[in-house]
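**Q** The sequence isn't on hand, but the structure is:
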DNA sequence: GCGTCGTGAGTTTTT
DNA sequence: CTCACGACGC
Ligand SMILES: [Mg+2]
């Protein structure tokens, strides 16, 4: 069954209700697999199932992202493919480091491509199920051949260190099932009922995984909306949802047309925007929620004024008669960096805020350093982590020491940590550096043994970072004291996440389980205290998928920003428009769209033009204004009351 | 040969 | 703003 329906029609609810229905009609919860797009969505789904059924049943259902579910499969069975079940997961920052090293070795530096570019290319090939050899066709360009080489050594090195990247999690499960039909059969027996949310954003591998698991029985329930496909850049294929009936013959397609979320104004605006896209399933969405406010388009003079306006406007609306709390407001943007200015404006106005999703925490240098210390201790074969932390803080092991290290590795073929321990190598170092090196190795060794035991690994992490001189070295690594303290705080967030993991999982939890979870999580889960509390939500449009808010601000609606410059240049506007559609349809009651006439880009102040998406809104539903006009002046009596209250606050106390 | 400081360049979206 | 890289002083 496919539920193909527009935004706000209750698609996700269909899945939870169906799960409850299945269990009530006698299906064992263990036989149900529900796949969501994010970990947060998985958690929410489990919560809702718990409400509909009970905690026991909810706990026995498998609910998770493709990546989380696949990681579990590989933990049990990846040895069938000749890889270790003790694998670690390499997050993006880690992959970038590896590509950088390999690009250097293969002479691929300075080719006008960043490591991230290479990585994106490799990831695209992997998700299309292409092996390096598949790229080496007779008519392959030199460029493609270079990519094949890089791809091949990347995988070899990664897997040689018992590490998998995100794509591997999916690709290797598929390979596992293809090469071992008996295993596949066992998983088919296990997962007899498949439910998939956000189906429009599945990619080729994910589709094949589902098809393999469904088999002939095809007991699959997918929900999605082709208009909300926004991950094409990551290999997602809208074709999966458009071809559902061919892929799963006999499947029913159900359409839902009532939107329970938005006012008719918001819905009509969104409908008109998305109507400009070709090749889509046209849907006639309607809402019984009434007309509501007009869509407000606010033109600010500068990007700072734009951010200030958003903060003031929220303050204004929150104080109004609507009885709004902070979480009723969401501010959405195209790119992560746009959050900076908004955060600053919110801090100035003392408005509490919270970023949704994001990967920036894991990509922070100090967090990656801390993770690398733990990786290097847990897995002595992890050369990349070892190299990363070898001279952090400075131990006198600079370029020359690393060059000699590589030489000896070439001679012996040992992993780096073993080379570092060689007397022949150490003899080439300055005495002070050799001493520091031996201490470094001893600390890693102690940590390794500590992690192998059953103890509290959060404390072991702290001990490791402390004994290695990393925590105390922060003040030397980073110029300013404030910077060092900030970074220290982030490292303690990492340690706190470890403690938190152990609290939840109990004493049987181990460091590998924690590292896996930490790699798969988003920042909100990584950072304690980011989770709860009444606060305005800041989010990229991508990360806001599946969420809804009473009042939504969409900022930076300018040519080049939203739609993004590259999408404009490469004529990839359809997905940008879907993204705008997703943004619009997050709103229940009110929409405020903003842009700035001038904006600082890099170092220059640049004149901006309004987004072409603004032109596609129905004129009769939109009101244009400046920040000043958008914020209602307080009525006189409110102003009087305010003045009176201030007077009272500052009046001399009448108490003796 | 190591470490620090200054300069300049680059910034979509995420599991 | 943050990172990578190169120049320069130790
Ligand atoms: Mg949904």
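**A** Okay, I see it. Bear in mind that the values here come from a model prediction, so they are computed numbers and not experimental data. Numbers count the residues shown, from 1 in each chain, chains lettered A, B, ... in the order given.

**Q** Could you use CA atoms for every contact and neighbour count after this?
**A** Fine.

**Q** Residue A:553 falls within a strand, correct?
**A** Yes: the assignment for residue A:553, made by DSSP: H, G, I helix; E, B strand; the rest coil, places it in a strand.

**Q** Which positions in the stretch 451-600 of chain A make contact with DNA strand B?
**A** Taking CA under 7 Å from any atom of the strand as the test, the list of the stretch 451-600 of chain A residues beside DNA strand B reads A:476-477, A:479, A:520-522, A:540, A:542-543, A:564, A:566-567.

**Q** ok, of the residues you listed, which come out buried?
**A** For those, a burial check counting by 16 or more other CA atoms under 10 Å picks out A:520-522, A:540, A:542-543, A:564, A:567.

**Q** Which ones among the residues of the stretch 451-600 of chain A next to DNA strand B map onto helices?
**A** For those, membership in helices holds for A:476-477, A:520, A:566-567, with DSSP state H as the criterion.

**Q** closest point of chain A to DNA strand C, which residue?
**A** Each residue of chain A has a distance to DNA strand C, by CA to the nearest atom of the strand, and the smallest belongs to residue A:365, at 4.5 Å.

**Q** Please name the nearest non-neighbouring residue to residue A:87.
**A** Closest residue to residue A:87 apart from its sequence neighbours, by CA to CA, 6 or more residues apart in numbering: residue A:162 at 4.8 Å.

**Q** where does the stretch 301-450 of chain A dip in pLDDT?
**A** Confidence mapping of the stretch 301-450 of chain A against pLDDT under 70 gives the ranges A:321.

**Q** in the biggest strand by length in chain A, what counts as buried?
**A** Counting by DSSP state E, the longest strand found in chain A is strand A:587-601. Residues A:587-599 are the ones in strand A:587-601 that count as buried (16+ other CA under 10 Å).

**Q** I would like the residues contacting the helix or strand just after that strand, please.
**A** Along the chain past strand A:587-601, the next helix or strand (assigned with DSSP states H and E) turns out to be strand A:604-607. The set of residues external to strand A:604-607 that reach it, using CA atoms under 8 Å, 6 or more residues apart in numbering, is A:597-600.

**Q** cool, stretch A:450-460 as well?
**A** For stretch A:450-460, contacts defined as CA under 8 Å, 6+ apart pick out A:378, A:447, A:495-496, A:498-499, A:502, A:507-508, A:510-511.

**Q** what do you get if the cut-off is 6 Å, keeping everything else the same?
**A** Applying CA atoms under 6 Å, 6 or more residues apart in numbering, the set of residues contacting stretch A:450-460 from outside is A:495, A:498-499.

**Q** Now do it: distance to the chain's middle.
**A** Centroid separation for stretch A:450-460 versus its chain: 28 Å, with CA atoms, centre = their mean, to the nearest Å.

**Q** Can you give me the first-to-last residue distance of it?
**A** Stretch A:450-460 has its terminal residues 7 Å apart, counting by CA to CA, to the nearest Å.

**Q** mind listing what's buried in that stretch?
**A** Applying a neighbour-count criterion of 16+ other CA under 10 Å, the buried positions in stretch A:450-460 are A:450-451, A:456-460.

**Q** do the same with stretch A:558-575
**A** For stretch A:558-575, a neighbour-count test (16+ other CA under 10 Å) marks A:558-564, A:567, A:573-575 as buried.

**Q** interface residues of chain A facing DNA strand C?
**A** Taking CA under 7 Å from any atom of the strand as the test, the list of chain A residues beside DNA strand C reads A:364-365, A:602-603.

**Q** and with 6 Å instead?
**A** With CA under 6 Å from any atom of the strand as the criterion, chain A meets DNA strand C at residues A:364-365, A:602.

**Q** rewinding a little: and which of the residues of the stretch 451-600 of chain A next to DNA strand B is nearest to residue A:100?
**A** Within those, the smallest distance to residue A:100 is 21.8 Å, found for residue A:477 (CA to CA).

**Q** State the helix or strand in which the residue nearest to that closest one when sequence neighbours are not counted lies.
**A** Using CA to CA, 6+ apart and skipping residues adjacent in sequence, the residue nearest residue A:477 is residue A:393, 6.5 Å away. Per DSSP H and E, residue A:393 falls between elements, in no helix or strand.

**Q** quick one: buried residues of the lengthiest helix in chain A?
**A** Scanning chain A for the helix with the most residues, using DSSP H, yields helix A:481-505. When neighbours are counted by 16+ other CA under 10 Å, the buried residues of helix A:481-505 are found to be A:484, A:487-488, A:490-502.

**Q** hang on, the earlier thing: can you tell me which of the residues of chain A next to DNA strand C is closest to residue A:3?
**A** Using CA to CA, residue A:364 is the member of the residues of chain A next to DNA strand C that sits closest to residue A:3, with 39.8 Å.

**Q** Relative to residue A:461, how far out is residue A:449?
**A** 12 Å.

**Q** Looking only at neighbour counts, state which of those two leads.
**A** Set side by side, residue A:449 and residue A:461 show unequal neighbour counts under other CA atoms under 10 Å, the larger going to residue A:461 at 25 against 12.

**Q** Helix, strand, or coil at the more buried one?
**A** helix.

**Q** Reformat the ones in helices among the residues of the stretch 451-600 of chain A next to DNA strand B as JSON lines; add pLDDT.
**A** JSON lines is the format used below for those (pLDDT from 0 to 100):
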{"residue": "A:476", "pLDDT": "80"}
{"residue": "A:477", "pLDDT": "81"}
{"residue": "A:520", "pLDDT": "88"}
{"residue": "A:566", "pLDDT": "89"}
{"residue": "A:567", "pLDDT": "91"}
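
**Q** thinking again about what came up before, backbone dihedrals for the residue nearest to residue A:477, both of them.
**A** For residue A:393, the backbone dihedrals are phi -70, psi 170 (criterion: degrees, to the nearest 10).

**Q** Is there a neighbour count for it? I'd like the number.
**A** Around residue A:393 sit 18 other residues, with neighbours defined as other CA under 10 Å.

**Q** now do the one 10 residues further on
**A** Taking other CA under 10 Å as the criterion, the count of residues near residue A:403 is 12.

**Q** Now tell me what touches stretch A:377-386 from outside.
**A** The set of residues external to stretch A:377-386 that reach it, using CA under 6 Å, 6+ apart, is A:161, A:372, A:376, A:415-416, A:444, A:448.

**Q** From the residues you listed, list just the buried residues.
**A** Among those, those classed as buried by neighbour count (16+ other CA under 10 Å) are A:161, A:372, A:376, A:416, A:444, A:448.

**Q** Out of these, the closest to residue A:80 would be?
**A** Using CA to CA, the shortest approach to residue A:80 within those belongs to residue A:161, at 17.5 Å.

**Q** got the contact list for that closest one?
**A** With contacts taken as CA under 6 Å, 6+ apart, residue A:161 has the following neighbours: A:381-382.

**Q** can you give me the strands for the stretch 251-400 of chain A?
**A** Applying DSSP state E, counting those that start in this stretch to the stretch 251-400 of chain A gives strands spanning A:253-256, A:258-259, A:286-287, A:295-302, A:329-333, A:353-355.

**Q** wait, I meant the stretch 51-200 of chain A
**A** Counting by DSSP E, counting those that start in this stretch, the stretch 51-200 of chain A has strands at residues A:62-65, A:88-89, A:163-164, A:193-196.

**Q** Tell me, please, the helix or strand in chain A that averages the lowest pLDDT.
**A** Taking mean pLDDT, DSSP states H and E as the measure, the helix or strand of chain A with the lowest value is helix A:636-650, at a mean of 58.

**Q** Could you measure from residue A:94 over to the ion?
**A** Shown here: residue A:94 relative to the ion, a distance of 31 Å by CA to the ion, to the nearest Å.
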